[in-house]
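**Q** okay, predicted coordinates and the sequence, questions at the end:
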Amino acid sequence: MKDGVNGVALGVFIFFFLAVTVMGFLAARWRKAENALHLDEWGLGGRSFGSWVTWFLLGGDLYTAYTFVAVPAAVYAAGAAGFFAVPYTILVYPLIFTFLPRLWSVSHKHGYVTTSDFVRGRFGSKGLSLAVAITGILATMPYIALQLVGIQAVLDVMGVGGGSSDNWFVKDLPLLIAFGVLAAYTYSSGLRAPALIAFVKDALIYIVITVAIIYIPYRLGGFDSIFAKASSAYSQVNPATGKARGALAPPETAQWAYGTLALGSALALFMYPHSVTAVLSGRSRNVIRRNTTVLPLYSLMLGLLAMLGFMALASGVGKGVVGYNGQLAIPQLFENMFPSWFAGVAFAAIGIGALVPAAIMSIAAANLFTRNIYKDFLKPDATPEQQTKVSKIVSLLVKVGALVFVLTMDKTVAINFQLLGGIWILQTFPSLVGGLFTRWFHRWALLAGWAVGMVYGTWKAYGVASLTQKHFGGSSDAIPVIGQIGYIGLTAFILNAVVTIVLTFAFRALKTPDGIDETAPSDYTADSGEPGVEPDLPVAATT
């Protein structure tokens, strides 16, 4: 790390940060609605975004600052096992092509704003809807915190984050300023702000990765040299564990963990509220279908991004530093390899890559609270204006909670709670995706399956230790019966599904009454009437 503040990089970073801040506030006038005090407008951008805007919004939503920092950091720390994110993003797009258009159609038809809205309408159960809403909020909070961790990593490398000051306010002032700006324009412009800023964010990320994948190998002597140096670094024994640091390819003993983590992550990705919020902002069913076919382009970017972990090792980042924070590896690589001005561009890409998803996540969590807790249980007669005002306030509180989380807890705790959030959010899959294709599952069985999955997943994650933590030290453990080490979330999901199916048979046999389904089979293929859009053929399983 260079001594002092990197003034040039900081200047470039501030320029882009101010530019997107102005865009964030101006977004309130972009496609200005007649009634801005409506949750459809503030929380879903008026459901008016076309293919391009939705593509950038989804990309900005799914590929975050944490992705930019953590994926190559995982490769830096342990080797090719960190590439699990690449196959899971390949798996996820054919999966979502089957159900996201259906979710968009039924949500458009009935005015659903959240996944919990759909679950309540489909199964006639406020209890199940509440469970899905609470799970979504809990899973989103540490995810927002990790975006702030990404900003903090960049500030640390530039010399303006952390620092030697004993005054917490002075030490964390840059992060507080970034948080304040994010909170202000999200409150003012709603989903339109991250949608507009996402264009800048994605453009910067593609530029930075393209330059990095060409320029850094040139500086390091080519890919042969990079892989040779990385392999040598992985072969070194970690004194704390007595084992090799990592490997260029996962060993046979780690293949179950790799495969189950990739599959479980693919199933969970579009269960997150922020992913669904971006989807429901599209103006037509066809917009969603187009996006599921072109979003794999981001997987190419992710594969190149993961390669930066090998480059950080080969360049000697963190070498000889005891307890080096791997989250700083990629920002430090950029500072070491790039001219200061382009390092500033790279840092801006990471910083803006934190602002966009953090804004969407806070909006999504706020929508869940407003629609499925406040309106369903506290004020059933809440007007659209009241719902919007509550959602704005809650979005601020969610960001404050994430900020407190970052400032008061160790960063590894934030990361591990995000992993726990992935285990949790996967347990909503049967209610959401199952409900999109069939009404056979009983609402009480779904609630029981969710509870079993949540309890098992939390219990097993609590028992996982790491070098720095006694509890919640990871997301993998022994799979019952099989005995292999695998992703806890996927095991919990299988238990969830088994309990749901068995209890559904039981409740059907006992003729336990169902809730009222307010949807119809045709709702799942309805469209907005966009010119040139052909509806899909109805699926009989919706009946």
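**A** Yep, that arrived. Residues are numbered from 1 along each chain as shown.

**Q** so which bits of the longest helix belonging to the chain are buried?
**A** Using DSSP state H, we find that the single longest helix of the chain is helix 126-158. Buried residues in helix 126-158, counted by 16 or more other C-beta atoms under 10 Å: 126, 128-158. The way it works is simple: take the backbone N, C-alpha and C, and place the C-beta from them, glycine included.

**Q** what stretches of the stretch 51-200 of the chain score poorly on pLDDT?
**A** The stretch 51-200 of the chain contains residues with pLDDT under 70 at 161-171.

**Q** and the helices in it?
**A** Here the stretch 51-200 of the chain has its helices, by DSSP state H, counting those that start in this stretch, at 51-62, 65-78, 85-110, 115-123, 126-158, 168-171, 173-189, 192-220.

**Q** for those helices, which one sits closest to P251?
**A** helix 65-78 (11.0 Å; C-beta to C-beta).

**Q** most centrally placed residue in the protein?
**A** In the chain, the residue lying closest to the centroid (C-alpha atoms, centre = their mean) is L62, at 5.3 Å.

**Q** ok, that one touching S265?
**A** No: counting by C-beta atoms under 8 Å, L62 sits too far from S265 to count as a contact (11.4 Å).

**Q** circling back: I479: which of the helices of the stretch 51-200 of the chain is closest?
**A** helix 85-110 (18.0 Å).

**Q** which helices and strands does the closest one pack with?
**A** helix 115-123, helix 255-269, helix 273-280, helix 285-294, helix 297-315, helix 435-437 (3 or more C-beta pairs under 8 Å, 6 or more residues apart in numbering; DSSP states H and E).

**Q** contacts for stretch 487-505?
**A** 257, 260-261, 263-265, 267-268, 422-423, 426-427, 429-430, 434, 440-442, 444-446, 448-450, 452-454, 456-457, 460-461, 464, 475-477, 479-480 (C-beta atoms under 8 Å, 6 or more residues apart in numbering).

**Q** so G486: helix, strand or coil?
**A** Secondary structure, DSSP: H, G, I helix; E, B strand; the rest coil: G486 is strand.

**Q** can you confirm G473 is in a helix?
**A** No: applying three-state DSSP, one finds G473 to be coil, outside a helix.

**Q** using a markdown table, lay out the helices and strands packed on helix 85-110 together with mean neighbour count.
**A** As requested, the helices and strands packed on helix 85-110 are exported to a markdown table (neighbours: other C-beta atoms under 10 Å):
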| stretch | mean neighbour count |
| --- | --- |
| helix 115-123 | 27 |
| helix 255-269 | 21 |
| helix 273-280 | 28 |
| helix 285-294 | 20 |
| helix 297-315 | 22 |
| helix 435-437 | 22 |
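
**Q** can I get those in CSV with distance to A230?
**A** Shown next, in CSV, are the helices and strands packed on helix 85-110 (distance: least, C-beta to C-beta, whole Å):
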stretch, distance to A230
helix 115-123, 41
helix 255-269, 18
helix 273-280, 33
helix 285-294, 32
helix 297-315, 4
helix 435-437, 43
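
**Q** so which of these gets nearest A349?
**A** helix 297-315 (10.9 Å).

**Q** give the other helices and strands that the helix or strand following the closest one contacts.
**A** With elements assigned by DSSP states H and E, the helix or strand that comes after helix 297-315 is helix 329-337. Counting contacts by 3+ C-beta pairs under 8 Å, 6+ apart, helix 329-337 is packed against helix 65-78, helix 126-158, helix 192-220, helix 297-315, helix 340-369.

**Q** if we use 7 Å, what do you get?
**A** For helix 329-337, the packing partners by 3 or more C-beta pairs under 7 Å, 6 or more residues apart in numbering; DSSP states H and E come out as helix 65-78, helix 126-158, helix 297-315, helix 340-369.

**Q** run the angle between that helix and helix 65-78 for me.
**A** Following axes from the mean of the first three to the mean of the last three C-alpha atoms, to 10 degrees, one obtains 90 degrees for the angle between helix 329-337 and helix 65-78.

**Q** how many neighbouring residues does T98 have?
**A** 13 (other C-beta atoms under 10 Å).

**Q** correction: F441
**A** Count around F441 with other C-beta under 10 Å applied: 24.

**Q** would you confirm that it contacts G434?
**A** Yes: look at F441 against G434 with C-beta atoms under 7 Å: they come within range, at 5.4 Å.

**Q** nearest approach to F227 belongs to which of the helices and strands packed on helix 85-110?
**A** So among the helices and strands packed on helix 85-110, helix 297-315 is nearest, using C-beta to C-beta, at 6.6 Å.

**Q** output the helices and strands packed on helix 329-337 in JSON lines, with distance to E252 appended to each entry.
**A** Listed next are the helices and strands packed on helix 329-337 as JSON lines, based on distance: least, C-beta to C-beta, whole Å:
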{"stretch": "helix 65-78", "distance to E252": "16"}
{"stretch": "helix 126-158", "distance to E252": "31"}
{"stretch": "helix 297-315", "distance to E252": "21"}
{"stretch": "helix 340-369", "distance to E252": "35"}
